[in-house]
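J.: Fold the following, please.
(one chain, ligands or ions: 1)
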Amino acid sequence: MNSTQKRGCSKPRAALEVFTPSRYQQSVVFLCLFASPSLHAVMLAVQADRVVSLAEWEERWQQNRIGFHRPHVNKLLERNIKQVVNGRTGVRFFFPLCGKAVDMKWLADMGHSVVGVEIAEKAILQFYEDNNMSYAVEPVPSIPGAKVYKNVEKSISIYHCDLYKFNSCVEGQFGAIWDRGSLVAINPEDREKYASLLLSLMAEDCRYLLSTLLYNPEQHKGPPFLVPNEQILALFGSSCDVQLLDSVDALDQRWREAGLDFMTENTHLIAPKIDKKGFNVFFIERYISPS
Ligand code: SAH
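T.: Next up is the predicted model:
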């Protein structure tokens, strides 16, 4: 046996010579395998220890490495906005890691209000500059070192702080959450902490729109990180209904060049569970159940 055989490389190579699947076939096989719970665990393990520090995020903004930013309103938000608003007016939206998402202005222009949290001050300043909005800066007494940037109409407030320092005492609870580039951006080891923070920020009529990504984690180390649908159920499913609204091919030129074979973007609607008797399970768990 030569050294190549010792590493176990020769057989798969021979098999590939006989049948070389197309990228589409590879993706289908991967997706089928991905449906198995044990494979989810294996795939999650690939990125489990990856940590991106707050300083690294700020550095990205300083160096303008913000490929995640989109200059137009998010299509999936546009497509699903009716389900999120659900007939209400003046809904209070929470944007967990907001960057300078133009969706904040879009929602404010529709008469809703927005509270965002972002660690990079440059992102906040650019948001107001790009949108020609004047703003005022105030300290946040309950979060040492934090500042809040509010537009004149006070329909958009962006907190400059670490998300995990934010809590429901600062701005109360929210009627809606738009989570794009947020659950997929936080460090995988923090997902439970993140979910419990977001659950604590949800009002009883909250509608939480969440965008997640599926791809082969062997091809990209993240962020954005891969989040399987099963994990969303595990994080939110005990007190919320989780519905998959959309599943679209998100493999654009940028991701193709980064070496990905496929990328699927899933959009979920998460809302407090109503039990068969019509009781809001969320409300019962939060206020009535003994802990
Ligand atoms: N949601 C935005 C930004 C996504 S990128 C969009 O769709 O464009 C993730 C953003 O979260 C970055 O701007 C980064 O600076 C910020 N961020 C990362 N970790 C954070 C944390 N712990 N607290 C606050 N902001 C954070």
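J.: Can you get me a residue count around the spatially closest residue to Ser211 that is not a sequence neighbour?
T.: Spatial nearest neighbour of Ser211, chain neighbours left out: Arg180 (4.5 Å); criterion: C-beta to C-beta, 6 or more residues apart in numbering. All C-beta spots, glycine's among them, are computed from the backbone N, C-alpha and C. Arg180 has 26 neighbours, counted by other C-beta atoms under 10 Å.
J.: Surely Arg180 and Met104 touch.
T.: No: judged on C-beta atoms under 8 Å, Arg180 makes no contact with Met104 at a distance of 11.2 Å.
J.: Tell me how far the residue of the stretch 101-250 of the chain found nearest the ligand lies from Lys150.
T.: The minimum distance from the stretch 101-250 of the chain to the ligand, using C-beta to the nearest ligand atom, falls at Gly181 (2.9 Å). Per C-beta to C-beta, to the nearest Å, Gly181 is found 23 Å from Lys150.
J.: Ok, Cys240 next?
T.: If you go by C-beta to C-beta, the gap between Cys240 and Lys150 works out to 30 Å.
J.: Check Lys11 and give its pLDDT.
T.: As predicted, Lys11 sits at a pLDDT of 34.
J.: so for stretch 150-168, what's the average pLDDT?
T.: Mean pLDDT, computed over stretch 150-168, is 96.
J.: What residues of it count as buried?
T.: Across stretch 150-168, burial judged by 16 or more other C-beta atoms under 10 Å covers Lys150, Asn151, Ser155, Ile156, Ser157, Ile158, Tyr159, His160, Cys161, Leu163, Lys165, Phe166.
J.: follow-up on the earlier one: got the confidence number for the residue lying closest to the residue of the stretch 101-250 of the chain closest to the ligand once chain neighbours are set aside?
T.: Nearest-residue entry for Gly181: Phe68, 5.1 Å, with adjacent residues in sequence omitted and distances by C-beta to C-beta, 6+ apart. At Phe68, the model reports a pLDDT of 95.
J.: got a list of what Phe68 touches?
T.: Applying C-beta atoms under 8 Å, 6 or more residues apart in numbering, we find Phe68 in contact with Gly99, Gly181, Ala185, Pro224.
J.: Now tabulate these in JSON lines and tack on secondary structure, neighbour count and distance to Ile274.
T.: Formatted as JSON lines, the contacts of Phe68 follow (DSSP: H, G, I helix; E, B strand; the rest coil; neighbours: other C-beta atoms under 10 Å; distance: C-beta to C-beta, whole Å):
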{"residue": "Gly99", "secondary structure": "coil", "neighbour count": "27", "distance to Ile274": "33"}
{"residue": "Gly181", "secondary structure": "coil", "neighbour count": "20", "distance to Ile274": "30"}
{"residue": "Ala185", "secondary structure": "coil", "neighbour count": "20", "distance to Ile274": "31"}
{"residue": "Pro224", "secondary structure": "coil", "neighbour count": "20", "distance to Ile274": "32"}
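J.: export those to CSV and tack on pLDDT?
T.: Listed next are those as CSV, based on pLDDT from 0 to 100:
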residue, pLDDT
Gly99, 98
Gly181, 98
Ala185, 98
Pro224, 96
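J.: Output these in a markdown table, with distance to Phe279 appended to each entry.
T.: Shown next, in a markdown table, are these (distance: C-beta to C-beta, whole Å):
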| residue | distance to Phe279 |
| --- | --- |
| Gly99 | 37 |
| Gly181 | 34 |
| Ala185 | 35 |
| Pro224 | 36 |
